[in-house]
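Asks: starting from these lines, generate the structure:
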Amino acid sequence: MTISDKPPGLSKLKTIKRKSVVVSADDGVAYGTPTGGPLPLMITPTTEALELPAWIAQHRDGLRQKLHQHGALLFRGFAAPGIDTFSAAIQAISGEPLRYMERSSPRHAVSGNVYTSTDYPSAYPIFLHNEQSYNLRWCRVISFHCRKAAARGGQTPLADTRRILARLPPALVERFQQRRYMYLRNFGDGFGLSWPVVFQTEDRAEVEAYCRANAIETEWKGGNHLRTRQVRELVHRHPETGELVWFNHCTFFHVTTLPPPVRDVLLAGLAEEDLPNQTFYGDGARIEPEVMAQLQHAYLAEKVMFDWREGDILVVDNMLCSHAREPFEGERLVLTTMSELSEPRSEDAVRGSASP
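Replies: Numbers count the residues shown, from 1 in each chain. As a prediction, this is how the structure comes out:
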């Protein structure tokens, strides 16, 4: 079964649109939701006097608690924020934006460490994932700013990783915790990003040094081609809330998760070990198709979606909430920043039983 083989009713589940509901108001803002559920928490001003970065700085502790509770905060209706306001607002809640390293998505810098969210073709969806969860160190927060909403589509769906984990059969989770997963990449074969773009250098020695420091195995092939392998965990404990989360790229980087036209072209010309991105069990064994289908459907069952409005700022706890992108028509400009680089802690990677 592939991602296109959805169980009955699932296609309706992923496209439900709910009305915005105001749930409370204080300190010059109203709290509500654009989806009818807890994700994301929407914050709108009740007075024109509020300046977003200053208001966030004043209420940072409470906002951080809300971020950990809901997984994502949507700031909507504040006075026409621009890129500078976006950057200042994120610094107020999450610190300095990070440089985009060990890249997997095509995007370009707009201002400093503010990037386009993705330059991936508009005709294809991008599946739910947690930013750079394949890295040894990842961004704890990823934020988005809508500069121009698409004429149709282009939403940034979200899914709670706590709920994704709860949906998975315990025996399957434990199998992955014991075996982990391997992420394999191939560079220089005409597909995906090149290794100089991914590692931001054309020096092989620098690439090798980065990979050694980040537990990545390198294999140089002929013609300046590079193959890398990295074995990573799938279940982590959130360092602040203590909750268990399904935090990995095992599903996202598996070829069966790609849109069928892209997947079929790749599989027609390449063996699995030569794909630009592919995942396996940590011991190198292939992951069964029925297992990948279970993982894909767990994400889709938790998927919620709202339409962008120009000026929106979305702050996402990257460990508690995965994100995606819908196909779109017309012009669309959504910017992104990453912040709060994680520190690798062995106690946060959960092996064996996934009990709290």
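Asks: quick one: the strands in the stretch 1-150 of the chain, in order.
Replies: 21-26, 29-33, 41-45, 72-75, 109-111, 114-116, 126-129, 139-148 (DSSP state E, counting those that start in this stretch).
Asks: sketch out the low-pLDDT regions of this structure for me.
Replies: Confidence mapping of the chain against pLDDT under 70 gives the ranges 1-26, 80, 103, 106, 189-190, 344-356.
Asks: now with 80?
Replies: Confidence mapping of the chain against pLDDT under 80 gives the ranges 1-27, 49, 80-81, 100-108, 188-193, 344-356.
Asks: and the residue nearest the centre of it?
Replies: Residue closest to the average C-alpha location in the chain (Cα atoms, centre = their mean): N130, at 2.9 Å.
Asks: about what we covered before: in JSON lines, list the strands of the stretch 1-150 of the chain along with mean neighbour count.
Replies: Where C-beta positions appear, they are placed from N, C-alpha and C, glycine not excepted. Below are the strands of the stretch 1-150 of the chain laid out as JSON lines (neighbours: other Cβ atoms under 10 Å):
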{"stretch": "strand 21-26", "mean neighbour count": "11"}
{"stretch": "strand 29-33", "mean neighbour count": "19"}
{"stretch": "strand 41-45", "mean neighbour count": "21"}
{"stretch": "strand 72-75", "mean neighbour count": "26"}
{"stretch": "strand 109-111", "mean neighbour count": "14"}
{"stretch": "strand 114-116", "mean neighbour count": "19"}
{"stretch": "strand 126-129", "mean neighbour count": "22"}
{"stretch": "strand 139-148", "mean neighbour count": "23"}
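Asks: the ones you listed: which one's closest to F176?
Replies: strand 126-129 (16.1 Å; Cβ to Cβ).
Asks: which helices and strands sit right next to that closest one?
Replies: helix 289-301, strand 321-325 (3 or more Cβ pairs under 8 Å, 6 or more residues apart in numbering; DSSP states H and E).
Asks: hang on, T256 packs against E288?
Replies: No - under the criterion of Cβ atoms under 8 Å, T256 makes no contact with E288, lying 10.7 Å away.
Asks: who has more neighbours out of these two?
Replies: Each of T256 and E288 has its neighbours counted (other Cβ atoms under 10 Å); T256 has more, 20 against 10.
Asks: so that one: helix, strand or coil?
Replies: Using DSSP: H, G, I helix; E, B strand; the rest coil, the secondary structure recorded for T256 is helix.
Asks: roughly how far does it sit from S322?
Replies: Relative to S322, T256 is positioned 18 Å away (Cβ to Cβ, to the nearest Å).
Asks: what segments of the stretch 201-350 of the chain are strands?
Replies: 217-221, 225-232, 235-237, 244-246, 277-281, 313-317, 321-325, 328-329, 333-341.
Asks: residues near E326, how many?
Replies: Using other Cβ under 10 Å, E326 is surrounded by 18 other residues.
Asks: got the contact list for it?
Replies: By Cβ atoms under 8 Å, 6 or more residues apart in numbering, the contact list for E326 reads 125, 153-157, 305.
Asks: relative to D264, which of the residues you listed is nearest.
Replies: Nearest to D264 among those, with distances taken as Cβ to Cβ, is P125, at 15.6 Å.
Asks: quick check: that closest one touching R325?
Replies: Yes - applying Cβ under 8 Å as the test, P125 and R325 come out as touching, 6.6 Å apart.
Asks: and the two? which has more neighbours close in?
Replies: Neighbour totals were compared for P125 and R325, and R325 leads with 23 against 17 (other Cβ under 10 Å).
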